[in-house]
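Undergrad: Got a predicted structure plus its sequence, pasted below:
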Amino acid sequence: MSDDGKIDYAEVMRRLPHRYPFLLVDKAEDFVPNTSITGIKNVTHNEPYFPGHFPIDPVMPGVMIIEAMAQTGALLMSKSMDVTVEGKVIMFMSIDGVRFRKPARPGDQLHMKVIVTKIRGDIFKFRGETFIDGKLASEADFAAMMVTVDKSAAS
């Protein structure tokens, strides 16, 4: 990341443990440590869920939009606390007040604006809003926690 608040794909890969087909943040901008970030997801027709959701009129499942928002919050805190996937990861805990207002389709670009509302030790609370073409598409309040990676579980 440079000093302009942007996080490129390579850094996203260092900060988030997710990989294809579940990595849902391509890059980020407007990063302010411990405060806010905007994650960006380019929705393509190649997403693995589109053949079944729905073939005639593909729509990104709402749970995937929320997951993209949660990954954006995890990126915010892992970058703020300078942790990488080799040591600690941020895990989703809870979600409240979810609202979907506009569907996401192939060709859309999601802008997930996430702000920190509370930090208590290794637990973080966020407010997230997803925009498509400048219009509010979804919103939610959610929480996550930092946990130490158990490397023995991967073997």
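TA: Perfect, thanks for sending it.

Undergrad: where do the strands sit along the chain?
TA: Secondary structure of the chain by DSSP state E: the strands cover 27-32, 36-42, 88-100, 109-120, 123-132, 135-148.

Undergrad: could I get the ones you listed as CSV with mean neighbour count and distance to residue 66?
TA: C-beta here means a position set from N, CA and C on the backbone, and glycine is covered the same way. Shown next, in CSV, are the strands of the chain (neighbours: other Cβ atoms under 10 Å; distance: least, Cβ to Cβ, whole Å):
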stretch, mean neighbour count, distance to residue 66
strand 27-32, 18, 17
strand 36-42, 21, 12
strand 88-100, 15, 6
strand 109-120, 17, 10
strand 123-132, 20, 8
strand 135-148, 17, 6
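
Undergrad: Quick check: the closest residue in space to residue 106 that isn't next to it in sequence vs residue 58, distance?
TA: Ranked by Cβ to Cβ, 6 or more residues apart in numbering and with sequence neighbours excluded, the top spatial neighbour of residue 106 is residue 45, at 4.0 Å. Remark: distance between residue 45 and residue 58 (Cβ to Cβ, to the nearest Å) = 7 Å.
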